[in-house]
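Q: need a structure here:
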Amino acid sequence: MSNTPQNPAFICPICQSPLVIGDKTWHCQPNVPVSDGLEPVKVKQHSFDVAKQGYINLLPVQQKKSKSPGDSEASIAARQRFLSAGHYAILQQGLIDFCQALLPKPIGNWLDIGCGEGYYSERLLSLASQSFIALDISKPAVMTTAKRFKALMDKPVSFAIVASASQAPLMSGSIDVISSIFSPILPSEFDRLLSDKGFVIIAKPGVNHLLELREALFDSVQAHDSDKFIDTLAPSFKLIEEQQVNGTIQVSAAELADLLTMTPYSYRAKPEKREALLAKCEQVGTLSLTIEFVIYGFAKEHTSTAVVG
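A: Take a look at the predicted model:
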């Protein structure tokens, strides 16, 4: 963790009281004293230790739907190898260019939900002037993100948080920008978290994304409907900018295996289809794939801003 900022305002995930941020431990300051029947007044305090890797776990057991929620270590490792090879660098840079053109400066507090292993967070972090919060429900993913942040020298105050995006441990109105890169779209929670002049940045796969892969794996290919979520953000948010990013990548058999592992295709496709595709790639050396992404910028509807790209 870096120096403590004036914002964002973290809250306890158990009692929703303000959290006091320390170097080694965070603890809450309950607003309502609790009586135990013996003492006249007793304040119940929750504390959360900062892990040695630099992240903090604010996901209480009552918010977990499984023992290890979120992406598995195998999926995270596969994604890290695949992204480190630069296959989605065009999207990483596209996000930076899109945000720099769209968002007003300075940007105060930025929340990246579903941050995964931090590939996009690592670059988006440089755009925040006050603080950057990377949040994911997967502890192994956040651990990897925290390591990325530690390695960066010139950066704003940064936090890597294990938490539920649908119940983010942050006070209402404390965030200026929320990014969701292939992650959940949560209209009511976005509305609660964002300041009146807040923005939402969303990236989704385009219609033709990995089309060759899907054609090889499935008998019937269903087109990605990138825009279907837009109506769910109304009336709280207004779409103000949209941009497509596309290209072609060449992947080896090992990289194809990682790509399959990091996507739902690892369990949606029939095993024999996956094996046949991997064998073909091994035989020919590389496989050419279309990559296509759509980046969306939304402004909170009741704000008077008129920012354009």
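Q: Spell out, range by range, the strands that occur in the stretch 201-309 of the chain.
A: Ranges of strands within the stretch 201-309 of the chain are 237-251, 287-300, based on DSSP state E, counting those that start in this stretch.
Q: export the shortest one as CSV, just CAs?
A: It stands for strand 287-300. Extracted C-alpha coordinates of strand 287-300, given in CSV (Å, rounded to 0.1, in the frame of the first residue of the first chain):
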residue,chain,number,x,y,z
LEU,A,287,-3.3,-20.3,-35.6
SER,A,288,-4.5,-16.9,-36.9
LEU,A,289,-7.3,-15.4,-34.8
THR,A,290,-9.5,-12.2,-35.1
ILE,A,291,-9.6,-10.1,-32.0
GLU,A,292,-12.3,-7.4,-31.7
PHE,A,293,-13.3,-5.3,-28.7
VAL,A,294,-15.7,-2.5,-28.1
ILE,A,295,-15.0,0.2,-25.5
TYR,A,296,-17.9,2.3,-24.1
GLY,A,297,-17.8,5.5,-22.1
PHE,A,298,-20.8,6.4,-19.9
ALA,A,299,-21.5,9.6,-17.9
LYS,A,300,-23.8,9.7,-14.9
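Q: now the helices for this protein?
A: 73-84, 89-102, 121-124, 139-151, 187-193, 211-217, 253-262, 265-268, 271-284 (DSSP state H).
Q: Out of the strands of the stretch 201-309 of the chain, which one sits most buried?
A: For those, the largest average neighbour count (mean count of other C-beta atoms under 10 Å) is found in strand 287-300, namely a mean of 20. From N, CA and C alone the C-beta is placed, and that goes for glycine too.
Q: least reliable of the helices of the chain going by mean pLDDT?
A: With a mean of 82, helix 265-268 has the lowest mean pLDDT of these.
Q: just to revisit the earlier point, include mean neighbour count and distance to residue 169 when you put the helices of the chain into TSV, please.
A: Output for the helices of the chain, formatted as TSV (neighbours: other C-beta atoms under 10 Å; distance: least, C-beta to C-beta, whole Å):
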stretch	mean neighbour count	distance to residue 169
helix 73-84	19	22
helix 89-102	17	24
helix 121-124	21	17
helix 139-151	21	13
helix 187-193	19	10
helix 211-217	17	37
helix 253-262	20	27
helix 265-268	14	31
helix 271-284	13	38
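Q: between those helices, which one is nearest to residue 21?
A: Closest of the helices of the chain to residue 21 is helix 139-151, at 15.1 Å (criterion: C-beta to C-beta).
Q: for that closest one, the distance to its chain's centre please.
A: Relative to the centre of its chain, helix 139-151 is centred 13 Å away, using C-alpha atoms, centre = their mean, to the nearest Å.
Q: Quick one: find the helix or strand in this protein with the lowest mean pLDDT.
A: Within the chain, no helix or strand scores below helix 265-268, which has a mean of 82 by mean pLDDT, DSSP states H and E.
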